[in-house]
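[1] Quick one: sequence and predicted model below, then my questions.
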There are 2 protein chains.
Amino acid sequence: MDSKEISKTVIARLPRYYRYLGDLKDKGVERISSKELSLLMRVTASQIRQDLNNFGGFGQQGYGYNVDYLCEEIGKILGLNRTHNLIICGAGHLGAALAGNGSFAHRGFIIKGLFDVDEEKIGKSVHGINVYSMDAFDYFVGGHDIDIAVIAVPKEAAKELAERIVSSNIRAIWNFSNTELNVPDDVIVENVHLLDSLMRLSYDIDSYTGSKEPGENGEE
Amino acid sequence: MDSKEISKTVIARLPRYYRYLGDLKDKGVERISSKELSLLMRVTASQIRQDLNNFGGFGQQGYGYNVDYLCEEIGKILGLNRTHNLIICGAGHLGAALAGNGSFAHRGFIIKGLFDVDEEKIGKSVHGINVYSMDAFDYFVGGHDIDIAVIAVPKEAAKELAERIVSSNIRAIWNFSNTELNVPDDVIVENVHLLDSLMRLSYDIDSYTGSKEPGENGEE
């Protein structure tokens, strides 16, 4: 089946499968049934079977899933079989926190540089990653085959920065600025809206009854 | 309809509705049709009608939705009609970035304090919020009616910290440590897995064809 036909909601769940299967792999687990996986991930076994069937299943009846194989296949679907080069725009607390997140590099997301307009930050390094001036932006991007630009600047500066990123021919933006960007249709934007996550938590607090459904633990 | 019966996927979409409706409200828009809202949010009008019907609809046939009313009702469903007190555990770059996010307070999420074990940070303030020693944790929590504890510490320290939070009777955790926490069933955890978001972006890059579906812009 053409993976482009798969619904966004299924795709959105794949990284979570990948994370759990990666942990199992690290623990030396070779096979797991949809039932065992469902208990671990707190989703129904039927949803797991449905989701994975979108990709041909990978399961052998009665034998469960081959963890190593399934993890690798989902990794391929997610594009993790190649590395991606990132730059982080904004060397403030958020940019620095992202630059220090070792799990990104572990999955092939390589942070090539930080960019800022603050003379105090330019020329220094954060977690071993150099901070460059925005003046060097186009030159740097041109020379480093950058796949993804991270927007870690205040809302007010985000729209102008997005235009700069688009004009430099980067085609994917990871946006932390909590504002919707107007970019051409051939530019992909993944927004991280932390406030949305906080509102979901607020909902769970107020609607909490003591009887929790599988998957209701905010792990989606 | 009892909102507790509503599926997690619908609930997960409510903050996004709230965000867009809030922007419309700020722009002075009084009414909007599901069609107009669908163009704006890049989801189908039928999904919007389905989602909002879970809460009784709020729409008047032919007149569209009353933005102000709908925004307020969704806010109530999300528990935003009351304030929530937060503490942030970990005054590193991530904790500081969260402490500096003004949009949280704007929605009634009040950050009461930061906590750290680093003597260098304790006693200082970040964006006007004091950094306290973990030694003062239980005393502070007891005196400030804390609803939510934010875990912004490295993976290695997260599990022990979670136990400390639970024993202090805080019943909601916003977890940035990228590790699954084992907490009692009456403690709510909302995990922020940034790597999952990055993997979705990676998928979109590799599966990108140039023809984008509504809602395929990673804004879920």
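    The structure has been received and is ready for your questions. Numbers count the residues shown, from 1 in each chain, chains lettered A, B, ... in the order given.

[2] any weak-confidence spans in chain A?
    A:1-5, A:55-62, A:208-220 (pLDDT under 70).

[3] What are the structural domain limits within it?
    Domain segmentation of chain A under automatic domain parsing yields A:3-77, A:84-196.

[4] ok, residue A:112 - contacts?
    A:85, A:86, A:87, A:129, A:140, A:144, A:146 (CB atoms under 8 Å, 6 or more residues apart in numbering or on different chains). Backbone N, C-alpha and C define where each C-beta goes, glycine included.

[5] neighbour-wise, which of those residues leads?
    When neighbours are taken as other CB atoms under 10 Å in any protein chain shown, the top entry among those is residue A:86 (26 neighbours).

[6] wait, is it part of a strand?
    Yes - the assignment for residue A:86 is a strand, going by DSSP: H, G, I helix; E, B strand; the rest coil.

[7] Test of understanding: give the bridge partners of it.
    residue A:111, residue A:148 (DSSP bridges).

[8] ok, now residue A:126?
    Beta-bridge partners of residue A:126, as defined by DSSP bridges: residue A:129.

[9] ok, and the closest non-adjacent residue to residue A:89?
    In space, and not counting its chain neighbours, residue A:89 is closest to residue A:115: 4.9 Å by CB to CB, 6 or more residues apart in numbering or on different chains.

[10] and the one you found, how many neighbours?
    28.

[11] Work out for me the element it sits within.
    If you go by DSSP states H and E, residue A:115 is part of strand A:109-116.

[12] ditto for residue A:43
    Element membership for residue A:43, per DSSP H and E: none, as it lies in no helix or strand.

[13] what's the burial count for it?
    20.

[14] quick one, phi psi at it?
    phi -130, psi 160 (degrees, to the nearest 10).

[15] Residue A:172 now?
    Main-chain torsions, residue A:172, degrees, to the nearest 10: phi -140, psi 130.

[16] Identify the bridge partners of it.
    Here residue A:172, judged by DSSP bridges, has bridge partners residue A:188.

[17] returning to that earlier point: send the alpha carbons of the strand holding residue A:115 over as CSV?
    In CSV, the C-alpha atoms belonging to strand A:109-116 read as follows (Å, rounded to 0.1, in the frame of the first residue of the first chain):
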residue,chain,number,x,y,z
PHE,A,109,19.2,14.3,13.1
ILE,A,110,22.5,16.2,13.0
ILE,A,111,22.5,19.8,14.3
LYS,A,112,25.1,21.6,12.1
GLY,A,113,24.8,25.0,13.6
LEU,A,114,22.9,27.6,15.7
PHE,A,115,22.1,31.1,14.4
ASP,A,116,21.3,34.2,16.3
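
[18] Quick one: distance of that strand to the chain centre.
    Mean C-alpha position of strand A:109-116 versus that of the full chain (CA atoms, centre = their mean, to the nearest Å) differs by 16 Å.

[19] before we move on, what about stretch A:168-183?
    14 Å.

[20] Report the buried residues of it.
    Residues of stretch A:168-183 classed as buried: A:168, A:170-181, A:183 (neighbour count, 16 or more other CB atoms under 10 Å in any protein chain shown).

[21] Compute the first-to-last residue distance for that stretch.
    Taking CA to CA, to the nearest Å as the measure, stretch A:168-183 stretches 13 Å from start to finish.

[22] hmm, back to that, out of the domains of chain A, which is the most enclosed?
    domain A:84-196 (a mean of 19; mean count of other CB atoms under 10 Å in any protein chain shown).

[23] Quick one: distance of that domain to the chain centre.
    Counting by CA atoms, centre = their mean, domain A:84-196 comes out at 14 Å from the chain centroid.

[24] Kindly report the same for stretch A:10-20.
    10 Å.

[25] Please see if that stretch touches chain B.
    Yes - using CB under 8 Å from any CB of the partner chain, stretch A:10-20 reaches chain B at A:11, A:12, A:14, A:15, A:16, A:18, A:19.

[26] For those residues, please prepare JSON lines with the additional fields secondary structure.
    As requested, the residues of stretch A:10-20 next to chain B are exported to JSON lines (three-state DSSP):
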{"residue": "A:11", "secondary structure": "helix"}
{"residue": "A:12", "secondary structure": "helix"}
{"residue": "A:14", "secondary structure": "helix"}
{"residue": "A:15", "secondary structure": "helix"}
{"residue": "A:16", "secondary structure": "helix"}
{"residue": "A:18", "secondary structure": "helix"}
{"residue": "A:19", "secondary structure": "helix"}
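
[27] could you dump these to CSV with distance to residue A:39?
    Formatted as CSV, those follow (distance: CB to CB, whole Å):
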residue, distance to residue A:39
A:11, 23
A:12, 21
A:14, 19
A:15, 20
A:16, 15
A:18, 18
A:19, 16
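
[28] closest to chain B among these?
    Nearest to chain B among the residues of stretch A:10-20 next to chain B, counting by CB to the nearest CB, is residue A:15 at 3.7 Å.

[29] how about the residue lying closest to residue A:117 once chain neighbours are set aside, what does it touch?
    Once flanking residues are discounted, residue A:117 sits nearest to residue A:134: 5.3 Å by CB to CB, 6+ apart. For residue A:134, the contacting residues are A:89, A:115, A:116, A:117, A:164, by CB under 8 Å, 6+ apart.

[30] What separation do you get for the closest residue to residue A:130 other than its chain neighbours and chain B?
    Distances taken as CB to CB, 6+ apart put residue A:113 closest to residue A:130, at 5.7 Å, once the chain neighbours are dropped. According to CB to the nearest CB, to the nearest Å, residue A:113 stands 17 Å off from chain B.

[31] do residue A:9 as well
    Distance of residue A:9 to chain B, given as CB to the nearest CB: 6 Å.

[32] surely residue A:64 meets residue A:29?
    No - applying CB atoms under 8 Å, one finds residue A:64 not in contact with residue A:29, separated by 10.2 Å.

[33] any bit of stretch A:69-76 sitting next to chain B?
    No - looking at stretch A:69-76 against chain B by CB under 8 Å from any CB, there are no contacts, and the closest approach is 8.9 Å.

[34] Just the C-alphas of the helix or strand hosting residue A:174, formatted as CSV.
    According to DSSP H and E, residue A:174 maps onto strand A:172-175. Output of strand A:172-175 as CSV, limited to C-alpha atoms (Å, rounded to 0.1, in the frame of the first residue of the first chain):
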residue,chain,number,x,y,z
ALA,A,172,11.2,21.7,6.0
ILE,A,173,10.6,23.8,9.1
TRP,A,174,10.3,22.7,12.8
ASN,A,175,8.4,25.6,14.3
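
[35] returning to that earlier point: now the contacts of residue A:134 in TSV, please, with extra columns for distance to residue A:97.
    Below are the contacts of residue A:134 laid out as TSV (distance: CB to CB, whole Å):
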residue	distance to residue A:97
A:89	14
A:115	16
A:116	14
A:117	19
A:164	22
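
[36] Good, wrapping up.
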